[in-house]
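Q: okay, predicted coordinates and the sequence, questions at the end:
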Amino acid sequence: MSKLDFIYLNEQEMIEAGVTDMAGCVDAMEKMFVLLKQGDYRMGGANNNSHGVMMVFPEESPFPNMPVDGPDRRFMAMPAYLGGEFDMVGMKWYGSNVDNREKGLPRSILMLTLNDKETGAPLAYMSANILSAFRTGAVPGVGVKYFAPEDAKVVGIVGPGVMSKTAFDAFMAVRPGIDTVKIKGRSQASIDKFIAYVKEKYPSVSHFKIVEDIQSAIEGVDIASIAPSTPTGDPSLYPYIKEEWIKPGAVMCCPAAARFDEDFILNRARTVTDNIQLYEAWAEECPYPAFHTIPIPAVHCMDLIEEGKMDRNQIDDLGDIITGAVPAIKNKNDKIIYSIGGMPIEDVAWGTIIYRNALDKGIGKKLNLWDSPYLA
C-alpha cells in the first residue's frame, strides 16, 4: 500500500490529548534525560547536540519583500530523534517576531512534525505552542525535583511570562508545599496575569509579594525562575544575581538570560546543565565570547573554559544526577545555578506521548498526503 495519511492536531485537540498534563510532562522529560545520558538520541549539527538551525534577517536589505532584523525575529528548525519507548523522529519549526503581539498573536508560532523513522513519512503535524511551553517548564521541574529542599515553600519569579508560568506548574508538580511567590516583572499587566494564573490553578498558594527589584525577588526563596525577555549582545544588561542574595540550598533555574559573578561561578557555585554537550555545540557555533550571543549562564561557563579559567568537570550534567552517577545533593548549602537551554528531543518526547494519546482517543483530523505518490 502506498496511500499515506497522517493526523493533524490543532491547539484545542492538543489540550484534549493531554498536552497540559504537567506531571506527565515532567515524567516524560525525566525519561528523556536518561536516554540522553545513554546516548540514545540524535540532534542536528556536527556534534549531534545542536539546539537547531536559526535563520535571521539582515539589518537592511535591498530587496523590498525581504524582512529585516528585529527583536526576537527569527525562524528556527529543530530536528531530533529520541529512542527508548519514544522511538520517534520529529522537528519543531517556528517563526518569532515581537510585533506579533500588535496583531493579537503570540510572539512565536510553533509547529511539530513527527515522522516514521524508517520511511520519513509524516505521522502527525501538530500545534506546538502549548507543547513547547510545557516541556520548557517541565525541564526546570526535573531539576527542582532533584535539587530543591523537600519542604520548599517560597518561589521567586523574575520575568512572569509564559516560561515562568509553566515552570511554576512544574514546581508545584514536584514541590506541592509551595505557598508563597515573589514576583518581579516589568509591567503590572504581566504581574497581574501571572498571579491570576497561579490563583486559578493553585488555591494553596496564598501569599503573593510584588517586588521592585531582582534582589528582592531572589532573597529568601528556595527556588527561582529567572526568565525575563532580555536583548542579547551585552552581558552587562543581562539580569544580575549576586551570590549573597541566594539562600543556601536554593536553586536558580535559568532558561534565559542571567548573569552571576565570575568568582562565584568559579569557586563556590554549583553549576548544573540540562545537557553540557548542547552548550559545547553553542560554543562551537557562536563566535567567542558565546555568552554575548546565547545569554544562558552555562554558555558563560563555556567561555570561562575557553579562557582556561574553568574546568569542564566543574559542571554537573542533570542526566548524570538522574542516573545516579553524580549525587543530587553534594552539600545541602550549595547554591545551584541550573542552566536550561531547550532541546528538540524534549519536543519529540512530549509530542510522541500526545500523538499516541490522540490515536488512542480518536482525537485529530486524518489528512491524506497521497493515494499513490506521483513521482514514485
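A: Perfect, I can see it now. Numbering: from 1, shown residues only.
Q: for the closest residue to P327 other than its chain neighbours, give its distance to R135.
A: Spatial nearest neighbour of P327, chain neighbours left out: I321 (7.4 Å); criterion: Cβ to Cβ, 6 or more residues apart in numbering. Just so you know, the C-beta spots here come from the backbone N, C-alpha and C atoms, and that holds for glycine as well. In this structure, I321 lies at 19 Å from R135, with Cβ to Cβ, to the nearest Å as the measure.
Q: same check, this time on Y355
A: 14 Å.
Q: the two - which one has more neighbours?
A: Set Y355 next to R135 and count neighbours by other Cβ atoms under 10 Å: R135 wins out with 29 against 25.
Q: my guess is that one meets W350, correct?
A: Yes: counting by Cβ atoms under 8 Å, a contact exists between R135 and W350, whose distance comes to 4.7 Å.
Q: what do those two both touch?
A: Taking Cβ atoms under 8 Å, 6 or more residues apart in numbering as the contact criterion, the residues that touch both R135 and W350 are C25, A28, M29.
Q: which of these are buried?
A: Burial by neighbour count, judged by 16 or more other Cβ atoms under 10 Å, picks out C25, A28, M29 from the shared contacts of R135 and W350.
Q: looking at those, which are in helices?
A: Assigned to helices by DSSP state H, the following of the buried ones among the shared contacts of R135 and W350 qualify: C25, A28, M29.
Q: among these, which one sits closest to T113?
A: The closest of those to T113 turns out to be A28 (Cβ to Cβ; 18.4 Å).
Q: show me the contacts for the closest one.
A: A28 is in contact with R135, A138, A349, W350, I353, counting by Cβ under 8 Å, 6+ apart.
Q: any idea how many residues pack against the last one?
A: Other residues near I353 come to 23 when the count uses other Cβ under 10 Å.
Q: in the stretch 151-300 of the chain, which spans are helices?
A: Under the criterion DSSP state H, counting those that start in this stretch, the stretch 151-300 of the chain contains helices at 162-174, 188-201, 214-218, 262-267, 276-285, 297-306.
Q: got the angle for the last one vs helix 276-285?
A: In other words, helix 297-306. Computed with axes from the mean of the first three to the mean of the last three Cα atoms, to 10 degrees, the direction of helix 297-306 lies at 60 degrees from that of helix 276-285.
Q: against which helices or strands is helix 297-306 packed?
A: For helix 297-306, the elements it packs on are helix 262-267, strand 270-273, helix 276-285, strand 336-339, judged by 3 or more Cβ pairs under 8 Å, 6 or more residues apart in numbering; DSSP states H and E.
Q: how about the longest one: buried residues?
A: What it means is helix 276-285. Applying a neighbour-count criterion of 16+ other Cβ under 10 Å, the buried positions in helix 276-285 are I276, Q277, L278, Y279, E280, A281, W282, A283, E285.
Q: which residues are contacting that helix?
A: Counting contacts by Cβ under 8 Å, 6+ apart, the residues touching helix 276-285 from outside are 45-47, 49-51, 273, 290, 293-294, 296, 298-299, 301-303, 305-306, 312, 315, 317, 339, 341, 343.
Q: picking up where we left off before, weakest of the helices and strands packed on helix 297-306 by average pLDDT?
A: Here the lowest mean pLDDT among these goes to helix 276-285, at a mean of 92.
Q: that helix: how far from the chain's middle?
A: Averaging C-alpha coordinates over helix 276-285 and over its chain gives two centres that are 16 Å apart (Cα atoms, centre = their mean, to the nearest Å).
Q: please apply the same query to stretch 100-113.
A: For stretch 100-113 - counting by Cα atoms, centre = their mean - the centre lies 17 Å from the chain centre.
Q: and what of stretch 226-238?
A: For stretch 226-238, the distance between its averaged C-alpha position and the chain's averaged C-alpha position is 16 Å (Cα atoms, centre = their mean).
Q: first-to-last residue distance for it?
A: With Cα to Cα, to the nearest Å as the measure, stretch 226-238 spans 11 Å from end to end.
Q: buried ones in that stretch?
A: Under the neighbour-count criterion of 16+ other Cβ under 10 Å, stretch 226-238 has I226, A227, P228, T230, T232, P235, Y238 buried.
Q: quick one: which two of these are the most distant?
A: Put simply, by Cβ to Cβ the two of the buried residues of stretch 226-238 set farthest apart are A227 and P235, 16.6 Å from each other.
Q: which of the buried residues of stretch 226-238 fall in strands?
A: Per DSSP state E, strands hold the following members of the buried residues of stretch 226-238: I226.
Q: from the buried residues of stretch 226-238, which is closest to E244?
A: The nearest member of the buried residues of stretch 226-238 to E244, counting by Cβ to Cβ, is I226 at 16.3 Å.
Q: and that closest one, what's its pLDDT?
A: In this prediction, I226 carries a pLDDT score of 97.
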